[in-house]
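>>> Could you look at this predicted model? Sequence included:
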Amino acid sequence: MTASEPYGPRDLRDLRDERVPVTVLTGFLGSGKTTLLNRILTENHGLRIAVIENEFGEVGIDDALVLDAEEEIFEMNNGCICCTVRGDLIRILGALMRRREKFDHILIETTGLADPAPVAQTFFMDDEIASQLRLDAIVTLVDAAHVLQHLDEVKPEGVENEAVEQIAFADRVVLNKTDLADDDTVIEVVRRIRGINAGVRIVPARHAAIDLEEVLDVGAFDLERVLADDPAFLTETEHQHDTTVTSVGIELTGELDEDRLNAWLGHLLRTKGVDLFRSKGILAIAGAPRQYVFQGVHMLLDGSFGRDWREDEVRRNRLVFIGRDLDREALERGFADCLATAGAAA
Ligand SMILES: Nc1nc2c(ncn2[C@@H]2O[C@H](COP(=O)(O)OP(=O)(O)OP(=O)(O)O)[C@@H](O)[C@H]2O)c(=O)[nH]1
């Protein structure tokens, strides 16, 4: 804003509306939500942000992937935010409201399999919440390299396609991972996004590096637009997830043989990468003083050493796989075979 333009739309909104803005970050598994969250938590925007995180998976990993920040972070790990933990969400929001002088903005990161509609409904169906909180925008991260596969998935009758729902409800799309997709793919992805949500603003990005003004306090959520597309939005409560997509969490104590681990993970991703949507883990490699943090999205794997293991800390490996038709036993067996310390117990 310039000096000759004393009141931009943001300021006028602030004058009218004292409710705390809420951003819902959504997007399919591995699309870059935590990457964007970490940017928001570390960039200097002057906002005090309370974060509510929901994670899909039997073993919580995301707490270790979110950078240390002064912001308050609430975790909800006992189910999907759009179904079983909606009561938790209402309780956390209620608790935040009692301390509202402590922050300026609330950010909710949903799981990669969440339907954003029930989360958005929360801000209109509970009177107390509606009077104190304002849904500012649903921001959907899209993985340019993998989204077409998920948009094209054929689902059983009555089962929703989460990737489609997340784009349909977006007030902003961050088209992420453009470094991993060629130009033709990016053009096709944009065409598909427009086919689902014609007017949505699409912000291209690599590693979710965007101007945060594109996504924070943008006043973009428009209930009337949503009701025009989906007249049952405020009354619909039923939705069905694809139950063939599940998670396998493994926790095992002991140190891992690096070569065996690389060979196993490499083989797994090469042979099952299409159905293995997401993998992540915090691992103890034999001889390494630091935790090894790995992340996979389909066949792409990324890993680096994180913080030091503390001297008195048990070397406990935690990893989680999310995908279609996962073979739990084979995953558990394969991982146990990577242990360097024979006979290490779970
Ligand atoms: N090459 C590339 N990698 C990226 C980009 N953005 C994120 N990543 C990597 O993709 C992986 C997944 O990113 P996250 O931010 O954890 O994705 P997420 O949406 O939070 O994942 P879930 O919470 O599991 O759904 C990580 O290894 C990131 O470092 C990008 O633009 N380009």
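Arrived safely.

>>> quick one: the strands in the stretch 151-300 of the chain?
Assigned by DSSP state E, counting those that start in this stretch, the strands in the stretch 151-300 of the chain fall at 172-176, 201-204, 245-253, 276-283, 290-297, 300-308.

>>> Just the CA trace of the first one, in PDB.
Below are the C-alpha coordinates for strand 172-176, written out as PDB (Å, rounded to 0.1, in the frame of the first residue of the first chain):
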ATOM      1  CA  ARG A 172      -6.400 -20.000  -3.600                       C
ATOM      2  CA  VAL A 173      -4.400 -22.800  -5.300                       C
ATOM      3  CA  VAL A 174      -0.700 -22.900  -4.800                       C
ATOM      4  CA  LEU A 175       0.500 -24.900  -7.800                       C
ATOM      5  CA  ASN A 176       3.600 -26.300  -6.100                       C
END
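
>>> That one near the ligand at all?
Yes. Strand 172-176 comes into contact with the ligand (C-beta under 6 Å from any ligand atom), by way of Asn176. Bear in mind the C-beta positions are built from the backbone N, C-alpha and C, glycine included.

>>> now do the second one
No. Using C-beta under 6 Å from any ligand atom, no contact is recorded between strand 201-204 and the ligand, whose separation bottoms out at 9.8 Å.

>>> show me what contacts the residue in the stretch 101-250 of the chain that the ligand sits nearest to?
Proximity of the stretch 101-250 of the chain to the ligand (C-beta to the nearest ligand atom) peaks at Gly112, 3.1 Å away. Neighbouring residues of Gly112 by C-beta atoms under 8 Å, 6 or more residues apart in numbering: 27-31, 33, 56, 162, 277-278, 322.

>>> Check Pro156 too.
By C-beta under 8 Å, 6+ apart, the contact set of Pro156 is Asp242.

>>> In space, what's closest to Ile167 - neighbours in sequence excluded?
Counting by C-beta to C-beta, 6 or more residues apart in numbering, Ile167 lies nearest to Ile196, which is 4.7 Å off, once chain neighbours are set aside.

>>> typed the wrong thing, it's Gly273
In this structure, Gly273 finds its nearest non-sequential neighbour in Met299, 3.5 Å apart by C-beta to C-beta, 6+ apart.

>>> Likewise for Val20?
Counting by C-beta to C-beta, 6+ apart, Leu133 is the residue found nearest to Val20 once chain neighbours are left out, at 5.3 Å.

>>> just how off-centre is the lengthiest strand in the chain within its chain?
Secondary structure assigned by DSSP state E gives strand 133-143 as the longest strand of the chain. With C-alpha atoms, centre = their mean, to the nearest Å as the basis, the distance from the averaged C-alpha position of strand 133-143 to the chain average is 11 Å.

>>> now stretch 255-265
Distance, centroid of stretch 255-265 to centroid of chain: 27 Å (C-alpha atoms, centre = their mean).

>>> Pretty sure Gly323 sits against Leu269.
No. When contacts are counted by C-beta atoms under 8 Å, Gly323 is not listed as touching Leu269 (10.8 Å).

>>> what number of residues lie near Glu160?
Neighbour count for Glu160, taken as other C-beta atoms under 10 Å: 15.

>>> Near the ligand, which residues of the stretch 51-200 of the chain are found?
So the stretch 51-200 of the chain meets the ligand at 62, 112, 141, 176-177, 179-180 (C-beta under 6 Å from any ligand atom).

>>> ok, of these, which come out buried?
62, 112, 141, 176-177 (16 or more other C-beta atoms under 10 Å).

>>> just checking, Leu319 is part of a helix?
No. Assessed with DSSP: H, G, I helix; E, B strand; the rest coil, Leu319 is strand; it does not lie in a helix.

>>> Run a quick neighbour tally on it.
The burial count for Leu319: 22, using other C-beta under 10 Å.
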